[in-house]
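Asker: A predicted structure for the sequence below; I have some questions about it.
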Amino acid sequence: MNDNSISLADKSSCTGCGACVDACTKSCISMVKGGIHAYPHINTKQCIGCKKCMSICPSLHTLEFVNITKQKYYACRHKNLSAVKTSTSGGVGTALAEHAIDNGFYVVGVVLTRDGVAKHAIATRKTEIQAFKGSKYVQSDSVGIYKKCLQVIKEGHKILFIGTPCQIEAIKCIVPVSLQDCLLTCSIICHGVNSPYVWSDYRDNIEKKYHSKLVNYNFRCKSHGWQKQNGDSNLRVSYELASGKKVDVPSWKNQFHCWFGQHYIMRPSCFNCQYRTEERHSDIVIGDFWNIDKVKEGLDTYNGVSVLITTTTKGEDFFKSNPYLEATPVDGKKSVVVLKGLINKKTRETKDRELQTAKAFEEEYCRNGFEYMAKKYPNPTLLTQIINKIKSLL
């Protein structure tokens, strides 16, 4: 058939959600590596031109209006301190998942496989949701999960789906409106997703360096607490190898996290993400409540505090009935101002400049590989880190 009859989102707007792959009734779409990210590829010999992929693609949809006056903001943490300590911030994702399991839901979240692949999976028992804990700063493989979710809902089950805002939009496009009463969506506050291919190269480099298999990796370690005494975020990364070797360092000393922070390996669509606005499109939104002290004084933040935003009545009712959460209502307007990552406040010029820098990095990476780039774009020195901190304060 004619290639031009199907027109999916271009590379600048494709989020890589994989909804088009799941929507294709002829299985002629696959996600294929293009540079350091994956994009949909259509087998034109098999394609029948039904354009279902186009009707499903979130990037080709106009977002529905959201009444932000209905949104409610809370500072939350899990009542179980152990659950808080083993989570990225306040353990809210675990509390939501536990409550969902108690009420007969299937829960969908991201696991990090033994091979280090971030992948969406379905849990039906509380023991299974433990693998969802912790941030994974890499784009997850969500191909196939939407089709599974739709089947589960058609079988009469309810689903709590946890993912990035674009993945939430994808599942909402896949599940017909007539069945969405069985779908509860929870999006994370997302700063952008990073290349799974660079992540794989980074893991290989660690194993080569230490001559041992990487058996555990924590993108956000709380060995020194969640927040520093001066109020700054206490970002650390830790990992363990089969040899017994353990590494626990500030995030700026970690090569992958450093590139993440510089936005070198972020997906192009993330620079102009249409979902990083105050108008949230999931039932519930969760994330780190950085700067909570500027909104609510007197909270113990050492082990972590999450923000939880309810956007719909369905989300508010589910949250209110949750027995695992400690929650404090907070001022929404104040929270929007201080929350990191909730809204992309950068100017168009800054976004474009960062995007061009990322494209140049990607091109150079594809030519020269990880080790070359690690030498050319190393972690900052302590002196550089101090200078950057002073600049940010000024």
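Answerer: Noted; the coordinates are in hand.

Asker: what comes up buried for stretch 303-315?
Answerer: 303, 304, 305, 306, 307, 308, 309, 310, 311, 312, 314, 315 (16 or more other C-beta atoms under 10 Å). C-beta coordinates here come from the backbone N, C-alpha and C atoms, glycine included.

Asker: what's the helix or strand for residue 374?
Answerer: helix 370-376 (DSSP states H and E).

Asker: What of residue 76?
Answerer: Assigned by DSSP H and E, residue 76 falls within strand 72-78.

Asker: returning to that earlier point: okay, and which of the buried residues of stretch 303-315 map to helices?
Answerer: Per DSSP state H, helices hold the following members of the buried residues of stretch 303-315: 314, 315.

Asker: between the buried residues of stretch 303-315, which is nearest residue 374?
Answerer: Residue 374 lies nearest to residue 304 out of the buried residues of stretch 303-315, by C-beta to C-beta, at 30.7 Å.

Asker: is it true that residue 36 touches residue 364?
Answerer: No. Counting by C-beta atoms under 8 Å, residue 36 sits too far from residue 364 to count as a contact (10.6 Å).

Asker: Just the residues contacting whichever helix or strand comes after the strand holding residue 76, thanks.
Answerer: Tracing the chain past strand 72-78, the next element assigned as helix or strand by DSSP H and E is helix 81-85. Helix 81-85 is contacted from outside by 77, 78, 90, 91, 94, 95, 222, 303, 304, 324, using C-beta atoms under 8 Å, 6 or more residues apart in numbering.

Asker: again, but for stretch 138-156
Answerer: Residues from elsewhere that reach stretch 138-156 (C-beta under 8 Å, 6+ apart): 16-19, 21-23, 31, 37-38, 106, 108, 110, 117-122, 159, 161, 163-164, 167, 170-171, 174-175, 179, 182-183, 193-196, 199, 267.

Asker: pLDDT below threshold where in the stretch 151-300 of the chain?
Answerer: 229-231 (pLDDT under 70).

Asker: Redo the buried residues of stretch 303-315 as JSON lines? Include distance to residue 142 and pLDDT.
Answerer: Formatted as JSON lines, the buried residues of stretch 303-315 follow (distance: C-beta to C-beta, whole Å; pLDDT from 0 to 100):
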{"residue": "303", "distance to residue 142": "30", "pLDDT": "92"}
{"residue": "304", "distance to residue 142": "26", "pLDDT": "94"}
{"residue": "305", "distance to residue 142": "28", "pLDDT": "96"}
{"residue": "306", "distance to residue 142": "23", "pLDDT": "97"}
{"residue": "307", "distance to residue 142": "24", "pLDDT": "97"}
{"residue": "308", "distance to residue 142": "23", "pLDDT": "98"}
{"residue": "309", "distance to residue 142": "22", "pLDDT": "98"}
{"residue": "310", "distance to residue 142": "24", "pLDDT": "97"}
{"residue": "311", "distance to residue 142": "21", "pLDDT": "95"}
{"residue": "312", "distance to residue 142": "22", "pLDDT": "95"}
{"residue": "314", "distance to residue 142": "22", "pLDDT": "96"}
{"residue": "315", "distance to residue 142": "21", "pLDDT": "97"}
